[in-house]
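Trainee: give me a 3D structure for the following:
(2 chains)
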Amino acid sequence: MKMFTPKTTVKSKAKMDVTHSLMAHFPAPDGTDWLSKARADATARVNAMGLPIARDEYWKYTDPAPMNATDPMFSGPSAASDVFTGADAVTITLIDGVVQGDLPKVDGLEIALLSDAAQADIHWVQDTFGVLEAASQGNVERPYAALNTAIATQGVFINVTGEVKTPVRLVYGSDGGQCNLHHVVKLAAGASATLLEEGTMAARSTSVTEVVVEDAATFDHLRLMMDVADRQTVTHIFSRLGEESTFRSFTLTSEGALTRNEAVIDINGDNATAHIAGACLGDGDFHHDDTVFVTHDAVDCESRQVFKKVLRNGATGVFQGKILVKPGAQKTDGYQISQSLLLDDDSQFLAKPELEIYADDVACSHGSTSGAIDEDALFYLRSRGVPYGTAVDLLTLSFLAEAIEEIADDRLAEIVLAHLEETLSARR
Amino acid sequence: MLDIKDLHVSLEDEDKQILKGLSLKLETGKVHAIMGPNGSGKSTLSYVLSGKDGYEVTGGSAELDGDDLLDMDPEERAAAGLFLAFQYPVEIPGVGNMTFLRTAVNAQRKLRGEDEMSAGDFLKSVREKAKSLKIDADMLKRPVNVGFSGGEKKRNEILQMAMLEPKMCILDETDSGLDVDAMKLVAEGVNALRGPDRTFLVITHYQRLLDHIKPDVVHIMADGKIIKSGGPELALEVENNGYADLLAEVA
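Mentor: As a prediction, the model looks like this:
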């Protein structure tokens, strides 16, 4: 694995001022030896990179300034979310990053908390915590992820050793505070698990989720980001995939003044599959950025990136997606689609699809489109008696269908779809 | 009864008049056919009656049982009992045919202030009607018209008509793109829906559809107007002699 080497380029004073100010705002938390070291290393990474500012190429379409602010944000309260209540999951509730109640027990997996790192025996997390994040810094700098490793005080660690049918559900709520969450999920060879996340982590938050998927293991992730319109968040998912493993992640976002969801997937084992999908309903003061980086470093692997955004009343959608096929990663099947449905002239979609291929026997395709609602289809529906608002909703669902179809579990897909329909009709 | 009086219609985007004082009275329970050469305004008439954007009514009226159609939204016209079978039915990926049908049936009922149809009753009714149109379960499940052949699309239009039970049905060149067998099947579906309370306006270029859906009255349309009306024999005259003689008569 490529280790992080601080770049020698001189960072601007503006950048370093922002960085020092925010680092001072979040003093390094206490921890045990290994954790203190991981945090100190991450702090060094942040100081070497500096935090993003508007001039940075990787932040061209999303202004990071709100994330660099040190003033408190009060946009809550937002009650703990309850969409996946019918999913037969075990639930851990976090309000502004503080865990409520006891941890659930599930056969086939072990759950621990970052805040218990000093007391609990969680040696299994040491080789992962901050490690996947650090490795990702080789291609593109992701300073908020390093910042999160350095300052996060809470996070859920899940060690999966069996085929676990019961999903683990993280429910978020906020009283208007700030938080930084750092989760770790490890799936042993042949293991499987589903992680559900829903709600608003905090008024302003960062999160990192590091996922190690060993050979023939399967990880499913579903996430709903809603409830609070003016919250700001930058999230990261880092995953390393073993042979014949499967990684599937789907996110539905319906609220958020600033959302940047980064997914960094390293496919290291042959015959592995990675699907990353997202659907977005943006209305008004809404800025949503999906930044995805999939690296193929093994043969016969498949990756899909499917992102759909419905935008109106001045909402902004961003997609930066990359497929990197390394030398020797033959028989790679890479697919990437990013599309927006613009419901008015005030909204905008900015897309930067990228393919970088160093192998000669691969099939990679990508596409990006922006369009308005199909007037012929709208008339067709109305001519059958479907009222205008319902017809627009149906066509919106029709547009989002390809992303929703990425959800492998039918029952969970139904829950997401019902939530989506409810959100649409509430906005009509 | 559908009563169209001196209807004048232009395209919104360009200064082009399409309907130039069209008058037509459709008697309830009868099948009326409109035939006419390309560009005579037949499809425009069907779109204007059903409320498509892009047309400007500059004069005249169209009333369905005394209600002013032109003042209503397309969905209100549908709820009032108007149905247009499209010449080119639209594909809607991601929306299941059944979902679409049920949404439409219940939306119309709601607009009319009626109770929604129960899921059970709806399913029973769809299955029955689909069967007689040779529409299988797979076609009902698939997204609306996506991947349907020309014949399947037209049969799907007739299924919608059967489910929505409109009192005024407009068929816009339903025979286009159909082979003989498909046309027979569609015609049988339409004939099964004929009744004393249901009126049809069948728009077509050719006599052959009218061999299967026998009209009571035939109207000839040219240059935005009805130029002649008569019995079924008028369609045969067109088939044999073309439109030239009729056009010459009027000119």
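Trainee: the closest residue to chain B within chain A - nearest residue in space that isn't next to it in sequence?
Mentor: Using Cβ to the nearest Cβ, the single residue of chain A nearest to chain B is A:A401, 3.0 Å away. (Glycine included, C-beta is placed from N, CA and C.) Residue nearest to A:A401 in three dimensions, not counting chain neighbours: B:G94, with 3.0 Å by Cβ to Cβ, 6 or more residues apart in numbering or on different chains.
Trainee: helices or strands up against the one helix or strand that neighbour maps to?
Mentor: Applying DSSP states H and E as the criterion places B:G94 in strand B:92-96. Applying 3 or more Cβ pairs under 8 Å, 6 or more residues apart in numbering or on different chains; DSSP states H and E, one finds that strand B:92-96 contacts helix A:375-383, helix A:388-404, strand B:143-144.
Trainee: residues contacting the residue nearest to A:A401?
Mentor: Applying Cβ atoms under 8 Å, 6 or more residues apart in numbering or on different chains to B:G94 gives the contacts A:397-402, B:143.
Trainee: that one and B:R155, how far apart?
Mentor: 21 Å (Cβ to Cβ, to the nearest Å).
Trainee: equivalent analysis for A:T396, please.
Mentor: In terms of Cβ to Cβ, A:T396 sits 28 Å off from B:R155.
Trainee: so which of the helices and strands packed on strand B:92-96 comes closest to B:F100?
Mentor: Checking the helices and strands packed on strand B:92-96 against B:F100 by Cβ to Cβ gives strand B:143-144 as the closest, at 4.9 Å.
Trainee: give me the helices and strands touching that closest one, please.
Mentor: strand B:92-96, helix B:97-111.
Trainee: can we see that at 7 Å?
Mentor: strand B:92-96 (3 or more Cβ pairs under 7 Å, 6 or more residues apart in numbering or on different chains; DSSP states H and E).
Trainee: ok and the strand it packs on relative to helix B:97-111, angle-wise?
Mentor: On the basis of axes from the mean of the first three to the mean of the last three Cα atoms, to 10 degrees, strand B:92-96 is oriented at 80 degrees to helix B:97-111.
Trainee: by proximity to chain A, which residue of chain B wins?
Mentor: B:G94 (3.0 Å).
Trainee: could you measure from that residue over to A:L417?
Mentor: 11 Å.
Trainee: and if you look at A:R45?
Mentor: 40 Å.
Trainee: sorry, back to before: I'd like the helices and strands packed on strand B:92-96 laid out as CSV, including mean neighbour count.
Mentor: Shown next, in CSV, are those (neighbours: other Cβ atoms under 10 Å in any protein chain shown):
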stretch, mean neighbour count
helix A:375-383, 22
helix A:388-404, 20
strand B:143-144, 22
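Trainee: for these, give me a markdown table that also has mean pLDDT.
Mentor: As requested, the helices and strands packed on strand B:92-96 are exported to a markdown table (pLDDT from 0 to 100):
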| stretch | mean pLDDT |
| --- | --- |
| helix A:375-383 | 96 |
| helix A:388-404 | 94 |
| strand B:143-144 | 94 |
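Trainee: report the central residue of the chain.
Mentor: Because you didn't say which chain, this covers chain A. With distances taken as Cα atoms, centre = their mean, the residue of chain A nearest its centroid is A:N261 (4.2 Å).
Trainee: my question was about chain B, not that one.
Mentor: Centre-nearest of chain B using Cα atoms, centre = their mean is B:I170, 2.0 Å out.
Trainee: start and end of stretch A:153-165, how far apart?
Mentor: Length of stretch A:153-165, first residue to last, Cα to Cα, to the nearest Å: 29 Å.
Trainee: any idea how far it is from the chain center?
Mentor: Remark: stretch A:153-165 is offset 17 Å from the chain centroid, using Cα atoms, centre = their mean, to the nearest Å.
Trainee: also stretch A:347-364?
Mentor: 19 Å.
Trainee: swap in stretch B:133-146?
Mentor: For stretch B:133-146 - counting by Cα atoms, centre = their mean - the centre lies 21 Å from the chain centre.
Trainee: can you name the residues of chain A sitting close to chain B?
Mentor: A:375-377, A:379-380, A:382-387, A:390, A:394, A:397-399, A:401 (Cβ under 7 Å from any Cβ of the partner chain).
Trainee: same thing but at 10 Å, please
Mentor: A:374-388, A:390-391, A:393-402, A:404-405 (Cβ under 10 Å from any Cβ of the partner chain).
Trainee: for the nearest residue to A:V392 once chain neighbours are set aside, give me its contacts.
Mentor: Nearest non-adjacent residue to A:V392, counting by Cβ to Cβ, 6+ apart: A:I373, 6.3 Å away. Residues counted as contacts of A:I373 (Cβ atoms under 10 Å, 6 or more residues apart in numbering or on different chains) are A:310, A:341-344, A:391-392, A:395-396, A:398-399.
Trainee: again with A:G190
Mentor: By Cβ under 10 Å, 6+ apart, the neighbours of A:G190 are A:161-163, A:214-218, A:244-245.
Trainee: buried residues, stretch B:6-22. List them.
Mentor: Judged by neighbour count using 16 or more other Cβ atoms under 10 Å in any protein chain shown, the buried positions of stretch B:6-22 are B:7-10, B:18-20, B:22.
Trainee: among these, which two are most distant?
Mentor: So, the buried residues of stretch B:6-22 by Cβ to Cβ: farthest apart are B:S10 and B:L22, at 12.9 Å.
Trainee: can you list the residues of the stretch 151-251 of chain B near chain A?
Mentor: B:160-161, B:163-164, B:166.
Trainee: the residue nearest to the centre of chain A against A:L252, yeah?
Mentor: No. Taking contacts as Cβ atoms under 10 Å, A:N261 lies outside contact range of A:L252: 11.1 Å.
Trainee: list residues touching both of those two?
Mentor: In contact with both A:N261 and A:L252: A:223, A:225, A:278, A:280, using Cβ under 10 Å, 6+ apart.
Trainee: partner residues bridging the second one?
Mentor: What that stands for is A:M225. A:T253 (DSSP bridges).
Trainee: what about it, how many neighbours?
Mentor: For A:M225, the neighbour count with other Cβ atoms under 10 Å in any protein chain shown is 26.
Trainee: the last one now?
Mentor: Number of residues near A:C280 (other Cβ under 10 Å) recorded here: 28.
Trainee: next up, the contacts around A:P353.
Mentor: A:P353 neighbours (Cβ under 10 Å, 6+ apart): A:292, A:305, A:319-323, A:336-338, A:366-368.
Trainee: can you rerun that using 7 Å?
Mentor: A:321, A:336, A:338, A:366, A:368 (Cβ atoms under 7 Å, 6 or more residues apart in numbering or on different chains).
Trainee: including secondary structure, could those residues go into a markdown table?
Mentor: Compiled in a markdown table, the contacts of A:P353 are given as follows (DSSP: H, G, I helix; E, B strand; the rest coil):
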| residue | secondary structure |
| --- | --- |
| A:G321 | strand |
| A:Q336 | strand |
| A:S338 | strand |
| A:H366 | strand |
| A:S368 | strand |
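Trainee: could you flag which of those residues are buried?
Mentor: For the contacts of A:P353, buried by 16+ other Cβ under 10 Å: A:321, A:336, A:338, A:366, A:368.
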